[in-house]
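In: Next input, structure requested:
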Amino acid sequence: MPTPDSIATFLLRGVNRAVREFGLIADGDRVAVGVSGGKDSRTLLDLLVRGIDIPGHYEVVAVHIDGSGVGLPDQVGVLEPWFRTLGVPYEIARLDVADSETLPMDCFRCSWNRRKALFLAADRLRCNRVALGHHADDAAVTTLMSIMYKGRLETLEPCRQFFDGRLRLIRPLILLSESAIRRFVRACGWTFSAEPGCSQGVNSRRVKIEAFLGTLPQREREQIRANLWRAAQMVGTVGAGL
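Out: The predicted model follows:
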């Protein structure tokens, strides 16, 4: 059975390729990794702590936005000991919302508030990069959603500037498949709560499209994913979405 180290070596090839191709991380960067507690963000942090192949040095800080106060699952008890085991500096930032905010929030408002909290934490920690754990399958679903519900061909950006370039949002896993990430998670022996991460998202458009793609054979899914990515690159709309 493959070990976590051997699978990580394989995954890092894809991460290094993305870093080179899209200029995601450079010498002197300080990267805030948004860790929700799910398989993708935990994989991202693990790989960046292991180290990517760039000239020079970069720093990694784990940031978890604790949304337990607004109804999201409490992940702090699981993540904090894991951060310490990795030996990575970290911050737990509480998700606070305006008194006027209706709870539970819809998907858009929840995502907007969590992203705002993450950006504020990154700025406070003097980070110039914010890394998210979106992978190639996420990009494919985003592209299909854009076509079906917006009438445009757009997908996730590997890198996007904010605040006049002071902060860049990066997606180092953008070239990795979800199936490869799942193999790594199984090898690491990570377990996750059966409690859904978002009760409002069970019937979301994204979940429905993910379910549809999940009905297709693996080879077809890989071909569809590659074709969607290629199409978005050809028309110059890689990454119009967040």
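In: immediately after the helix or strand hosting residue 18, which helix or strand?
Out: Residue 18 is part of helix 4-22, with elements assigned from DSSP states H and E. Using DSSP H and E, the helix or strand that follows helix 4-22 in sequence is strand 30-34.
In: Which elements pack onto the helix holding residue 18?
Out: Helices and strands touching helix 4-22, by 3 or more C-beta pairs under 8 Å, 6 or more residues apart in numbering; DSSP states H and E, are helix 39-50, helix 178-188. The C-beta positions use only the backbone N, C-alpha and C, and glycine is treated the same way.
In: Return the most buried member of the ones you listed.
Out: helix 39-50 (a mean of 22; mean count of other C-beta atoms under 10 Å).
In: which secondary structure elements does it contact?
Out: Using 3+ C-beta pairs under 8 Å, 6+ apart: helix 39-50 touches helix 4-22, strand 30-34, strand 59-66, helix 76-86, helix 178-188.
In: would you turn the ones you listed into JSON lines with mean pLDDT and distance to residue 229?
Out: Shown next, in JSON lines, are those (pLDDT from 0 to 100; distance: least, C-beta to C-beta, whole Å):
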{"stretch": "helix 4-22", "mean pLDDT": "97", "distance to residue 229": "12"}
{"stretch": "strand 30-34", "mean pLDDT": "98", "distance to residue 229": "22"}
{"stretch": "strand 59-66", "mean pLDDT": "97", "distance to residue 229": "27"}
{"stretch": "helix 76-86", "mean pLDDT": "96", "distance to residue 229": "31"}
{"stretch": "helix 178-188", "mean pLDDT": "96", "distance to residue 229": "14"}
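In: Looking at those, which is nearest to residue 52?
Out: Of all these, it is helix 4-22 that lies closest to residue 52, at 5.5 Å by C-beta to C-beta.
In: Other residues contacting that closest one?
Out: Residues outside helix 4-22 that contact it (C-beta atoms under 8 Å, 6 or more residues apart in numbering): 24-25, 43, 46-48, 50, 52-54, 158-159, 170-176, 180-181, 183-184, 187-188.
In: mind running it again at 7 Å?
Out: 24-25, 47, 50, 52-54, 158-159, 172-176, 180, 183-184, 187-188 (C-beta atoms under 7 Å, 6 or more residues apart in numbering).
In: per-residue confidence for residue 221?
Out: Note on residue 221: pLDDT of 87.
In: Now do the nearest residue to it once chain neighbours are set aside, the pLDDT please.
Out: Of all residues not flanking residue 221 in the chain, residue 213 sits nearest, at 5.6 Å (C-beta to C-beta, 6 or more residues apart in numbering). Residue 213 carries a pLDDT value of 87.
In: Return the backbone torsion pair for residue 213.
Out: Torsion angles at residue 213 (phi, psi; degrees, to the nearest 10) stand at phi -60, psi -30.
In: For the helices and strands packed on helix 39-50, give me a markdown table that also has distance to residue 127.
Out: As requested, the helices and strands packed on helix 39-50 are arranged in a markdown table below (distance: least, C-beta to C-beta, whole Å):
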| stretch | distance to residue 127 |
| --- | --- |
| helix 4-22 | 16 |
| strand 30-34 | 4 |
| strand 59-66 | 6 |
| helix 76-86 | 16 |
| helix 178-188 | 24 |
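In: which one of these lies closest to residue 232?
Out: Of the helices and strands packed on helix 39-50, nearest to residue 232 by C-beta to C-beta is helix 4-22, at 13.4 Å.
In: hmm, back to that, report how many residues lie close to the residue nearest to residue 221.
Out: Residue 213 has 17 neighbours, counted by other C-beta atoms under 10 Å.
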